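**Q** Mind looking at a prediction? Sequence and model below.
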Amino acid sequence: MHMLLVEDDDALSAAISAASAGWHLTESSTTGSVSPPPPTSVVTASSLAAGLGRLRDQRFDLVLTDVALGEDSGIDLVRHARQLEPSPVLVAISGEATAAQAFALAELGVRGYLAKPFDLHELRAMIETVLARPPDVEHRAMAQVGHRHIHAVQDEVKRAMLKRALQLDGWNISHTAKRLGVTRTAIQHMMDRFELPRTKPDSRP
């Protein structure tokens, strides 16, 4: 698990970074491996600009961000991270998030939120809970009602699921078909329909 921590409180950032570097975290979709997951690697950033820079340079499995980053907002970081492919799991922490901010975080796909103050055991338990359950597709789909046609939403979900499965399986069509419970032919037809390459594309470092 490769984690980006964006926190402008240096003491809290150091404490979370030191503790989480020893955690063995894995997402539910990648469980089943015969070997245990490696220790979490942590990259830190102390501002929105630095966090955005880290996201441009590296791929992360998990992004943990404070909502208040000086005069900037972690929501802007979340909004950017959500556009990445594959999109990292998004988790937020805050001591002063408003109801409107909490709603915005949920709309953007943040899967976990923890209010300050908290201890590191609470943080780890929350992250493990988030990683153990699938994303809340229903909530995000409901937010589209009245804004997009149902078939457009269905296609978006199908494409996202297919692309994520292909990424998890190293673009092995047979393994992806097994993971999604369909035939190889169905996978190939969907790849053509959604204009996904038949071979694994180059990934960012």
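**A** Great, that's in hand. Numbers count the residues shown, from 1 in each chain.

**Q** Would you map out the domains in this protein?
**A** 2-136, 144-193 (automatic domain parsing).

**Q** Would you reformat those as a markdown table and include mean pLDDT, mean neighbour count and distance to Pro201?
**A** For glycine as for every other residue, the C-beta is placed from the backbone atoms N, C-alpha and C. Below are the domains of the chain laid out as a markdown table (pLDDT from 0 to 100; neighbours: other Cβ atoms under 10 Å; distance: least, Cβ to Cβ, whole Å):
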| stretch | mean pLDDT | mean neighbour count | distance to Pro201 |
| --- | --- | --- | --- |
| domain 2-136 | 88 | 17 | 10 |
| domain 144-193 | 87 | 14 | 8 |
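
**Q** I'd like the ones you listed as a markdown table, with distance to Thr199 appended.
**A** Putting the domains of the chain into a markdown table (distance: least, Cβ to Cβ, whole Å) gives the following:
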| stretch | distance to Thr199 |
| --- | --- |
| domain 2-136 | 16 |
| domain 144-193 | 6 |
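
**Q** how near is Pro86 to Arg193?
**A** 20 Å (Cβ to Cβ, to the nearest Å).

**Q** ok now the helix or strand containing Ala106, how far from the chain's centre?
**A** Assessed by DSSP states H and E, Ala106 sits inside helix 99-107. Relative to its chain's centre, helix 99-107 lies at 16 Å (Cα atoms, centre = their mean, to the nearest Å).

**Q** Could you name the residue of this protein that is farthest from its center?
**A** Distance from the C-alpha centroid of the chain peaks at Thr185, with 29.0 Å (Cα atoms, centre = their mean).
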